[in-house]
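Asks: Here's my sequence, what's the structure:
(chains A and B)
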Amino acid sequence: MKAAKILTTPRMERCIGCHSCSLACARLVHKRLSWDTAGIRIVSSGGLSTGFEAKPCLACSPAPCALACPTEAFSQRRGGGVIVKRKLCIRCGECAAACPVDAIYLDVATEPFVCIHCGRCVPFCPHDCLEMVEVPAEPSPEEEAKEVAS
Amino acid sequence: MIRDHFRILAVDLAEGKGKVVTLEGRDTEVGGSGLAAVLFNKYGHVGKPWDHPDQPLIFTIGPLTGYFPLMSKTVCSFKSPYHDQYAESHAGGRSALALRFADLDGLVIVGKAKQPSCVLVGSRHLEVKDVHYMWGMEVDKAGKLLRRASSGSGHRSIMRIGPAGEHRSAMACINVDTYRHFGRLGGGGVMGAKNLKGIVVEGDGVFDLPKGKAYAELFEEVYKQLTTTDMMDKYHNLGTPVNVAVLNGLKALPCRNLQQTSDPNIEGITGERFADDALLRNTACSGCPVGCIHVGYVREKFMEPNQYLYRQVSYDHEPIFATGSMLGITDAFKTLGLMDAVEKMGLDVMSAGVALAWATEALEKGVISEHETLVPLAFGDAEGYREAIRYLGLAANDFYQLLAQGTMKAAEYYGGEDFACVLGQEMGGYATGEVFFASQSLGFRHSHLDSGGYSYDQKHTDRNLQGAVDFLVNDEQGRVFLTSMVSCLFAREVYKEELLGDCLKSLGYASLAENMQAVSHHIQKLRWETRLATGFNPAAVKIPMRFTEVTTWKGQVDGEFLDALKGEYAKRIIELGRKDEEDKA
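Replies: Numbering: from 1, shown residues only, chains lettered A, B, ... in the order given. Model prediction:
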C-alpha cells in the first residue's frame, strides 16, 4: 500500500507572510478567492514584528473533529487528518469547536474548511516553509491482532 | 469580487456613518490611480484648502488585486498639505488584499471626527471608534493598541499616524502594517486634520472564481514568471539597497546635502553591508511571493551594565540615502537608529532626511543658528539628528513647524533656497542627472517612480531633448495603467501589455483588455487635469541651483539642458492637463 502523506510546516521561521499558500489552497482546492476558506491560514504571531504562524491541520489520528462530527461528513483519513464529504455536512460547526489547534475555518454559512493534505499549496511557498512527509503506515487490524497474540 | 462597476464605501467621520456607493467606469478608469481621480472629482473640493473637513481621503485598489501576484498595492489620494494640490501616494503591506476581501474597490473618508477616532471596516462591518487615549502616541504603540481594538489577525491592515500626522505635518506619512508607508506628500497630515488616528481594514470576505481551469493555469504561469526571472534576485536578495554602492560608484548618490555624489566611506551602508550585519529577515506584502521588504534591527543599551532592548526596522535604498549618505552617516546601525526615530514620529523618511541635510548646511553657513535647530547638527553626527527628528515630528518650535511644511518653505523664510534639495518635494536618492531632476520636479507624484528618468540618465549620454521628454511622457502612461491595476512597479518587467491583457480577460474584463492604450492615455490626462485644476503650474516650477552644481560620472550637470527639459516637459504636462483636448477628439 502506498504510504500516506501529510502536510507539515517545518520551516515557518522562514515565512514572509505573502499568503501564497492560503490563496493557492482557496483557488485550487476550493475554487474561491480567499485567504480564509483554505486548509492553511497564516497569522502574525503577535504582531508583524514577531513573524508568522501557520494554522494547518496537524493530521491527528484519531482526529477529534471526525469524532465530533455527527453526520460523518468528516471521517478519519489514513495517515492522519480527515476526509471531507461536503454533501453530508449539516453546518453544525462541531468540528471547528473540537479542533484543538483552530485549524478549521467556518465561513458565514458555517461551512467548514480544513486541510485535506493534498499538498497543492507547497509549490507556491517561495521560502520552502512547507513539506509533504510520509507517515508510517498504520498496522491493519489483522496485524494488530497478531501483535497482541504473540 | 469581479464586477463591471466600482463598489465604494464613503465614511463620514462627523456622522460616524458610511454609505455604500456604486459607480460606473471600470472600462474607462479601471481602478487605482484612475478610480482615485474619479473619486477626488466626485468628493473633493478644488477651491477648499486641504484641511477642510469636506476634503476626502481616498484609498483604491484595482481589478486584478488579489487575483494575481504582485497586484498588491493601494493608491491613496488627497489634497496635499505639502502643496495644497491633488496628490497620490502608494503603499502595499496588507492594505490592498484587505480592501479586496472587505469587498471594496475604494474607501473614501470625509468629515472630521469630533474626537480622535479610528475607522474599523470589514466586509460586514463599519465602526467609527473613539480612541482619544491614543492621541499623542508614537506609531508603534498606536499600532499595538489598534491591533487589540480590532479583530482579524493576519487578515487585516492597520494604518495609523504618529505625532507628525497629528501636527498636520506635510511630511507626515501613513504607516501601513509597520513596515510600509503612504510616505510622501503628507497623507498623515490629512488624517491628523480629520482627527483620525487609525484605519483598520479587515479582509473577511470570500469570492467565487471564474469557472474552468484557465484562470488557475494563467495564475501559475504568472507566478512562475515572477519567481523565476531575475526579479527575485534583484528585489529579494539585497533588495533596493543594492543601489547604494552602484550609484556611489557612478557618482550619482546624493551625499551631504548633495554637496557630493559619492562618499569614500560608503562601504558602511551598502546593501551588502546591511545584509551581512543587520538583516534579520525578509517579509512581504500580501499576495507577493517576492518578499522585498528587508527588516533590520537596532539594539540599544538602556541601562548599565548590560541591559539592552531591540527593535526591528525595515530598510530600503531610499531610507538609507535619506538617513545615511545625505546626512554623512556611513554606519548601518546608526542609519537604522535614525530610521527607527523617523518611524516612531510617523514622518516620511526621505522628506525628513533631506530637510535635516538642508538644515545642517544652513547651520554651517550661518543661515540659521542653534536657536532654531535646538541641537547642534553636523554631517556624520547621528545623535544630533536623532533629537532633531523628534523635534521635526513634534513641530517643537517655529523653525521645525515651518520645516515640517517643506524644506523650501523654511528656505524661503530663512534663506538657503539655492541648496534646498527640493524637486517638487524633497529629492529621491538619485543624482543621476538632468532627466531625473526634471522628472521628479514635474512628475505627478514628484517621485522617482513616476517615470524612469533615473534609468534614462544611466542609459543615455546624448542631449536629445525630444527623445527624453517623449520617454518621460510615454513611460508615465505605461506606469499609470499599472498603478490603476494596482501592480507593484517592481513587476513592470513581467506585467507587459500582453500579459496584462490576458489577466484581465481571464477575469472577464475583455473590453478593458482591448483598450489599454486609450484607457491609459485617458487616465494620464484625467490625473493631470485634476492636478492642474487644484493649482499646479508646471511652468512655474524652479529647480534649485544645487542641482546644476552636481558632478556625476558624466561630468557636471548641464544647466541649460536641464532648463530646456523642464520647459519642454512642463509644456507637455500642460497639454495633457488641458480639459478640452479629449472632448474635441
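Asks: Going by C-alpha atoms from here, please, whenever you check contacts or count neighbours.
Replies: Will do.
Asks: Sketch out the low-pLDDT regions of the chain for me.
Replies: This is for chain A. Residue ranges of chain A with pLDDT under 70: A:1, A:138-150.
Asks: was after chain B, sorry
Replies: B:231-232, B:580-585.
Asks: Which positions in it make contact with chain A?
Replies: When proximity is defined as C-alpha under 8 Å from any C-alpha of the partner chain, chain B approaches chain A at B:66-67, B:101, B:144, B:147, B:153-155, B:177-178, B:204-209, B:216, B:227, B:281-291, B:312.
Asks: Whichever of these end up buried, select them in ChimeraX.
Replies: Selecting the buried subset of the residues of chain B next to chain A in ChimeraX, with 16 or more other C-alpha atoms under 10 Å in any protein chain shown as the burial test, is done by:
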select /B:66,67,101,147,153,154,155,177,178,204,205,206,207,209,216,227,281,282,283,284,285,286,287,288,289,290,291,312
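Asks: Now the residue in the stretch 451-585 of chain B positioned nearest to chain A. Nearest residue, chain neighbours left out?
Replies: Per C-alpha to the nearest C-alpha, B:Leu507 is where the stretch 451-585 of chain B lies closest to chain A, at 11.9 Å. Distances taken as C-alpha to C-alpha, 6 or more residues apart in numbering or on different chains place B:Pro210 nearest to B:Leu507, at 6.5 Å, with adjacent residues excluded.
Asks: Compute the number of surrounding residues for that neighbour.
Replies: The number of residues packed near B:Pro210 is 16, by other C-alpha atoms under 10 Å in any protein chain shown.
Asks: Can you verify my assumption that it contacts B:Leu504?
Replies: No - assessed by C-alpha atoms under 8 Å, B:Pro210 is found out of contact with B:Leu504, at 11.8 Å.
Asks: what distance separates the host helix or strand of B:Asp502 from the middle of the whole chain?
Replies: Assigned by DSSP states H and E, B:Asp502 belongs to helix B:497-506. Centre-to-centre, helix B:497-506 and its host chain are 26 Å apart (C-alpha atoms, centre = their mean, to the nearest Å).
Asks: What are the buried residues along the helix or strand just after it?
Replies: Sequence order places helix B:510-514 as the next helix or strand after helix B:497-506, per DSSP H and E. By 16+ other C-alpha under 10 Å, the buried positions in helix B:510-514 come out as B:Leu512, B:Ala513, B:Glu514.
Asks: Kindly report the same for stretch B:219-229.
Replies: Buried, per 16+ other C-alpha under 10 Å, within stretch B:219-229: B:Phe219, B:Glu220, B:Val222, B:Tyr223, B:Gln225, B:Leu226, B:Thr227.
Asks: Show the contacting residues for residue 121.
Replies: Looking at chain A here, since you left the chain open. A:Cys121 makes contact with A:Ser20, A:Cys21, A:Ser22, A:Ala24, A:Cys25 under the criterion C-alpha atoms under 8 Å, 6 or more residues apart in numbering or on different chains.
Asks: my bad, chain B
Replies: By C-alpha under 8 Å, 6+ apart, the neighbours of B:Val121 are B:Ala102, B:Glu127, B:Ile199, B:Val200, B:Val201, B:Glu202.
Asks: related to what we said a few turns ago, including neighbour count, distance to chain B and secondary structure, could the contacts of A:Cys121 go into a markdown table?
Replies: Putting the contacts of A:Cys121 into a markdown table (neighbours: other C-alpha atoms under 10 Å in any protein chain shown; distance: C-alpha to the nearest C-alpha, whole Å; DSSP: H, G, I helix; E, B strand; the rest coil) gives the following:
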| residue | neighbour count | distance to chain B | secondary structure |
| --- | --- | --- | --- |
| A:Ser20 | 25 | 6 | helix |
| A:Cys21 | 29 | 10 | helix |
| A:Ser22 | 26 | 10 | helix |
| A:Ala24 | 28 | 9 | helix |
| A:Cys25 | 29 | 11 | helix |
